[in-house]
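Undergrad: have a look at this fold, sequence not included:
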């Protein structure tokens, strides 16, 4: 296995990992990950992300598991939404291709230095690849910046609808057609947002809100509002 990246920007990550992460994790205890819903990978260790294809029936599940697992095990050092504050490498710059997949797998399995723990005894490879899926689907901030004003308008509109429902002047059913149209618009925005890794699909706040709105109902309005609010706040 090639465990040393030979080009930028991933090469820079490899070079600084042992020096930076050696003092990063502190006393954080690695957490096990529930990978129920992902297929068994019984043919030995994969060396390319098996969940990369967004059309796969497992992509969404891998993304959600990876989101939870990353935030439990990695965010303290590598940053919320994988935006590093400088303490550890910014993993968003790992390319979504086999060479960087191998580097990622070697580091997460074996650890690096005294403070980067080895996860091989705590996670199966489904969990590791789910984390990889989450990392590589981070959206390019520049790619979504132009859509922020419209996303803010959509968020405000969702909030107004909730207020009308709470006041008894409307119901969720009254907004069904409008919500369906917003779902389509959010998906169009989501498709226009690139990843930083070259992965085929970004997990942007637009996509997350669209997935929630597709469920319909008052709860979906509230959760989409919350998703957009958090994303817009982080973007500032």
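TA: Structure's in. What do you need? Remember, predicted model here, so these are calculated numbers, not experimental data. Residues are numbered from 1 along each chain as shown.

Undergrad: for the rest of this, base every contact and every neighbour count on C-alpha atoms.
TA: Fine.

Undergrad: what's the pLDDT at the residue sitting nearest the centre point of the chain?
TA: What sits nearest the mean C-alpha location of the chain, by CA atoms, centre = their mean, is residue 134, with 3.7 Å. If you check residue 134, the pLDDT there is 98.

Undergrad: from memory it sits against residue 67, does it?
TA: Yes: if you go by CA atoms under 8 Å, residue 134 and residue 67 touch, sitting 5.7 Å apart.

Undergrad: can you get me a residue count around residue 109?
TA: 18 (other CA atoms under 10 Å).

Undergrad: my bad, should have said residue 196
TA: 22.

Undergrad: the helix ranked longest in the chain packs against which elements?
TA: Using DSSP state H to define each element, the chain has its longest helix at helix 148-167. Counting contacts by 3 or more CA pairs under 8 Å, 6 or more residues apart in numbering; DSSP states H and E, helix 148-167 is packed against helix 218-235.

Undergrad: who are the packing partners of the helix it packs on?
TA: helix 148-167, helix 205-213.

Undergrad: in stretch 50-66, what's buried?
TA: Residues of stretch 50-66 classed as buried: 50, 51, 52, 58, 59, 60, 61, 62, 63, 65, 66 (neighbour count, 16 or more other CA atoms under 10 Å).

Undergrad: distance to residue 127, secondary structure and pLDDT for those residues - can I get that in TSV?
TA: Formatted as TSV, those follow (distance: CA to CA, whole Å; DSSP: H, G, I helix; E, B strand; the rest coil; pLDDT from 0 to 100):
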residue	distance to residue 127	secondary structure	pLDDT
50	11	coil	97
51	11	coil	98
52	13	coil	97
58	12	coil	97
59	13	helix	97
60	13	helix	96
61	11	helix	97
62	8	helix	98
63	10	helix	97
65	7	helix	97
66	7	helix	97
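
Undergrad: can you lay out those residues as a markdown table showing distance to residue 212?
TA: A markdown table is the format used below for the buried residues of stretch 50-66 (distance: CA to CA, whole Å):
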| residue | distance to residue 212 |
| --- | --- |
| 50 | 25 |
| 51 | 21 |
| 52 | 22 |
| 58 | 18 |
| 59 | 16 |
| 60 | 13 |
| 61 | 14 |
| 62 | 17 |
| 63 | 15 |
| 65 | 17 |
| 66 | 18 |
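
Undergrad: show me which of these is closest to residue 214.
TA: When these are compared for distance to residue 214 (CA to CA), residue 60 wins out at 14.4 Å.

Undergrad: next, the contact list for the closest one, please.
TA: residue 54 (CA atoms under 8 Å, 6 or more residues apart in numbering).
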